[in-house]
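K.L.:
based on what follows, work out the 3D shape:
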Amino acid sequence: MSPAFSAPIFLLIGVLFANGSTKRRADQTSNFSNRNSVGTESVPILIGTDICPTQMPFSSFIDGYFGFSPTDNETKNKVAYLKDWHFQNSHPEESNLYELPAFLRFDWANYERWTVTDQQQNPFGGDYRFVYFGTKGSWTPFHSDVLNSFSWSANVCGRKLWYLLRPGAERRVRQANGAYSEDIRQCLGQFQHGELFQFVQEPGQIVFVPSGWWHQVHNLEETISINHNVINAFNLHHLVALLDHRLTEVRAEISDVRELMTEDEFEKQSELLLLSDLKMNRRKLLRLMELIIESRGNKVEKEDEKHLLWTKELPNFYDDPSAENKIAKWAEKMQTELSKECKCEQQQNFLCQSCAEFVRHFELIRASEVRKRLLKDPFLNTICL
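P.N.:
Residues are numbered from 1 along each chain as shown. Next up is the predicted model:
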């Protein structure tokens, strides 16, 4: 089991992607052997200091700003960033573009049946996989990731400078109006020892960012990266906490019209606003838990009593105020126990049977906990969104 999932640390992982049709050359610059196949596709580009993206054909972006010598003198020195391009979803024929390391496949938002072959059932409403193309000097402002998700970013080519903060340190750059600074480079002296991590990500490396770690990223040269946001059993409690917090805020925001609605109408409106804001609400989360239980329940070996007992020792996040510390100790114990029978190194980028079975038990118990918690609210049994 990857320590990235059981403890709140970031990882810088040296993994190369071998199957890309957008490839790294030996000189670690970009080339676009298949750009004609997507050349006319409209993609979102942030130009200079623009806040709102400009839509333009991919080939126009490449010719004007990236990769080849720019053809337009007015654009060749401008900063431009192709961000949040759902390339993988738009081009399923490129499904072999890259192969995920085994520990990055625990991904309920992108790597399940309902996200690949049955998207109408997808509680997330879409995928969270992206391709980024950035010119030298382009950057992503200070932020934390959507849905309190994990995220990872793999450099196909180019180098990135990262500023990454431990959870809680972001409060040092919170402004009087409650917003956070978009650029923390002028505030680096405000952080205490161990709060700020600054490093350069090289070509072929993956940066794994745990839930709640605010970060800011700068492209030091022309850079192409593959990025995923990930929800799974190891950060599910962070998603639940976000939904609880935002739902409380939504209810307060519309409290002035509460008397004009029935209780069911008010709850339904709150859920709709939550969905509009986060692209997720409690009903969608309940459906996700049901899909996980159905999927993992069919795969768990009934005779595997040992792994079942191990996962039953896991503290419940929602019933135990001291669960965080207990889970850290539990994770250390599980790492020791699993290492005695783990054969993952022999599986060539797949989990061994023992580790895979353990993870399925873990997922099943976590999903069951959250489902039970959600169903304590009778409204979730009747709402129809």
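
K.L.:
strands along the stretch 201-350 of the chain, start to end?
P.N.:
205-209, 215-219, 223-230 (DSSP state E, counting those that start in this stretch).

K.L.:
what packs against the longest one?
P.N.:
Right, strand 223-230. Packing partners of strand 223-230 (3 or more CB pairs under 8 Å, 6 or more residues apart in numbering; DSSP states H and E): strand 129-134, strand 150-157. Just so you know, the C-beta spots here come from the backbone N, C-alpha and C atoms, and that holds for glycine as well.

K.L.:
can you lay out these as TSV showing mean pLDDT, mean neighbour count and distance to Trp85?
P.N.:
Below are the helices and strands packed on strand 223-230 laid out as TSV (pLDDT from 0 to 100; neighbours: other CB atoms under 10 Å; distance: least, CB to CB, whole Å):
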stretch	mean pLDDT	mean neighbour count	distance to Trp85
strand 129-134	96	24	5
strand 150-157	95	23	13
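
K.L.:
okay, these in a markdown table with distance to Leu374 next?
P.N.:
Converted to a markdown table, those look like this (distance: least, CB to CB, whole Å):
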| stretch | distance to Leu374 |
| --- | --- |
| strand 129-134 | 27 |
| strand 150-157 | 22 |
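
K.L.:
count of neighbours near Val240?
P.N.:
Counted by other CB atoms under 10 Å, the residues lying close to Val240 total 19.

K.L.:
which one is it nearest to, not counting chain neighbours?
P.N.:
Val370 (6.1 Å; CB to CB, 6 or more residues apart in numbering).

K.L.:
surely that neighbour meets Arg287?
P.N.:
No: the criterion here is CB atoms under 8 Å, and Val370 misses it with Arg287 at 11.6 Å.

K.L.:
between the two, which has more neighbouring residues?
P.N.:
Counted by other CB under 10 Å, Val370 and Arg287 do not tie: Val370 has more neighbours, with 23 against 16.

K.L.:
how's the chain carved up into domains?
P.N.:
Taking automatic domain parsing as the reference, the chain has its domains at 3-230, 236-381.

K.L.:
hang on, the earlier thing: so which of the helices and strands packed on strand 223-230 comes closest to Phe103?
P.N.:
With CB to CB as the measure, strand 150-157 is the member of the helices and strands packed on strand 223-230 nearest Phe103 (10.0 Å).

K.L.:
neighbouring strands - and their directions - for the closest one?
P.N.:
Neighbouring strands of strand 150-157 in its sheet, by DSSP bridges, are strand 205-209 (antiparallel), strand 223-230 (antiparallel).

K.L.:
would a markdown table of the ones you listed with mean pLDDT be doable?
P.N.:
Shown next, in a markdown table, are these (pLDDT from 0 to 100):
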| stretch | mean pLDDT |
| --- | --- |
| strand 205-209 | 95 |
| strand 223-230 | 96 |
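
K.L.:
can you put these in TSV and add mean neighbour count?
P.N.:
Below are these laid out as TSV (neighbours: other CB atoms under 10 Å):
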stretch	mean neighbour count
strand 205-209	22
strand 223-230	23
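
K.L.:
dump the ones you listed into JSON lines; add distance to Ser151 as well.
P.N.:
Output for these, formatted as JSON lines (distance: least, CB to CB, whole Å):
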{"stretch": "strand 205-209", "distance to Ser151": "5"}
{"stretch": "strand 223-230", "distance to Ser151": "5"}
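
K.L.:
that's all I had, so thanks and see you.
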